[in-house]
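*Asks:* below are the sequence and a predicted model for it; my questions follow.
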Amino acid sequence: MPESLYITIHHQQMQEKFAAILLSNGFDDEKAKRCAEVFTTNSVEGVYTHGVNRFPRFVEYIQKGYVKPPASPTVQHRFGAIEQWNGNLAPGPLNAIDATERAMQLSSTNGIGCVALANTNHWMRGGYYGWQAAKKGYVFIGWTNTIGIMPTWNAVDSKLGNNPFVIAIPHEDEAIVLDMAMSQFSYGAMELAEMKEENLSVAGGYDSAGSLTNNPTAILQSRRPLPIGYWKGAGLSLLLDLLATILSAGISTSEVSKGNVEYGVSQVFIAIDLSKLSNHSTISATIKTILDDYKSSIPVDGKSEVRYPGERILATRNRNLKEGIPVLKTVWEQVLNL
């Protein structure tokens, strides 16, 4: 897509605009600033699909009553290191931040902590909460179920969510963060590729005739994205949905899908306090040894850089903070018109 179709927005300008829009849509000042920071950070770190590109839909869901700005999560049950919360349809990113923080508090006491969150909203980018925990020294494991948007293996109708899954591990002053959907490409990534009039780098699903394709428009129309690892990804998606539903006492993908709009989902947030482990003093050296070996991989073309999960974020963050965030002009116009 030609660069002329983009505009560059300073991160502070973006965050202030988001906050102002949220204030006019029922958020108080503190919640507006916190939520605007999530969307801006996601954009700064190059996850535009769950940052600036997603913001207009988030406001739409507020206006339709799916997201309730004044609401906050409440604890329904506690037992040891596990808590079950009701998200009360409060803003998904804020619920997720609070659940992650509480999971860290529980792990500081017990070594491991788990908050299972029912009746919440889209958390936007799960990796945000991985970075939140890992930069404070905690391992993070989290996932969410979603509306049914992916067929199981050997099926054509969408009974599975693409159920994003996150693992984050502290590394020096930053983190190693795996943030992945159960589909080969998230719907956000396919929507962005469609907006940019680009094909996917590899086959991402099926077209309406049942043929594998890398055309995002064809996959979005058929609603048949390809599970990661074929049947393995489909199975993992099912198990993540089962666990999120059971642990949170919330609703499953099949129940979420009855409304045709994704809200009221179930999520799990687990934190592990590495300082409680007997080998805590050697963990940093162990991670460095493993990464040094990993980075010594021989690139297939002899020149491509081998990166660990989350490493690309660091370069993107620095560039966008320095040069501004590239935003499609059509997307920014949508934001300005909210």
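*Replies:* Yep, it's here. Numbers count the residues shown, from 1 in each chain.
*Asks:* all helices for the protein, in order.
*Replies:* Ranges of helices in the chain, per DSSP state H, are 11-23, 29-44, 55-63, 92-110, 127-134, 187-195, 216-222, 231-248, 253-256, 283-295, 311-323, 329-336.
*Asks:* least reliable of those going by mean pLDDT?
*Replies:* Across those, helix 187-195 has the smallest mean pLDDT, namely a mean of 89.
*Asks:* centre of the chain to that one, how far?
*Replies:* 15 Å (C-alpha atoms, centre = their mean, to the nearest Å).
*Asks:* check which helices and strands it is in contact with.
*Replies:* helix 216-222 (3 or more C-beta pairs under 8 Å, 6 or more residues apart in numbering; DSSP states H and E). In this view, the C-beta of every residue, glycine as well, is placed from N, C-alpha and C.
*Asks:* I figured Val139 was touching Ser275, is that so?
*Replies:* No: counting by C-beta atoms under 8 Å, Val139 does not reach Ser275; the two are 11.0 Å apart.
*Asks:* okay, those two: which has more neighbours?
*Replies:* The residue with more neighbours, out of Val139 and Ser275, is Val139; 21 against 13, by other C-beta atoms under 10 Å.
*Asks:* who are the contact partners of Glu323?
*Replies:* Glu323 makes contact with Thr8 under the criterion C-beta atoms under 8 Å, 6 or more residues apart in numbering.
*Asks:* distance of it relative to Ala203?
*Replies:* Distance from Glu323 to Ala203, counting by C-beta to C-beta, to the nearest Å: 33 Å.
*Asks:* which residue packs closest to His122, ignoring adjacent ones?
*Replies:* Ranked by C-beta to C-beta, 6 or more residues apart in numbering and with sequence neighbours excluded, the top spatial neighbour of His122 is Gly92, at 4.7 Å.
*Asks:* now Ser284
*Replies:* Glu172 (7.4 Å).
*Asks:* count the neighbours of that neighbour for me.
*Replies:* Other residues close to Glu172 by other C-beta under 10 Å number 9.
*Asks:* my read: it touches Ile283, true?
*Replies:* No: in this structure, Glu172 is not within contact of Ile283 by C-beta under 8 Å, at 11.5 Å.
*Asks:* hmm, what's the outermost residue in the protein?
*Replies:* Gly302 (32.2 Å; C-alpha atoms, centre = their mean).
*Asks:* next, that one: phi, psi?
*Replies:* Here is the backbone geometry of Gly302 (degrees, to the nearest 10): phi 80, psi 0.
*Asks:* could you do Ala181 as well?
*Replies:* According to degrees, to the nearest 10, Ala181 has phi -90, psi 170.
*Asks:* so how far is Gly205 from the closest residue to it other than its chain neighbours?
*Replies:* Nearest non-adjacent residue to Ala181, counting by C-beta to C-beta, 6+ apart: Asn162, 4.2 Å away. Computed as C-beta to C-beta, the Asn162 to Gly205 distance reads 11 Å.
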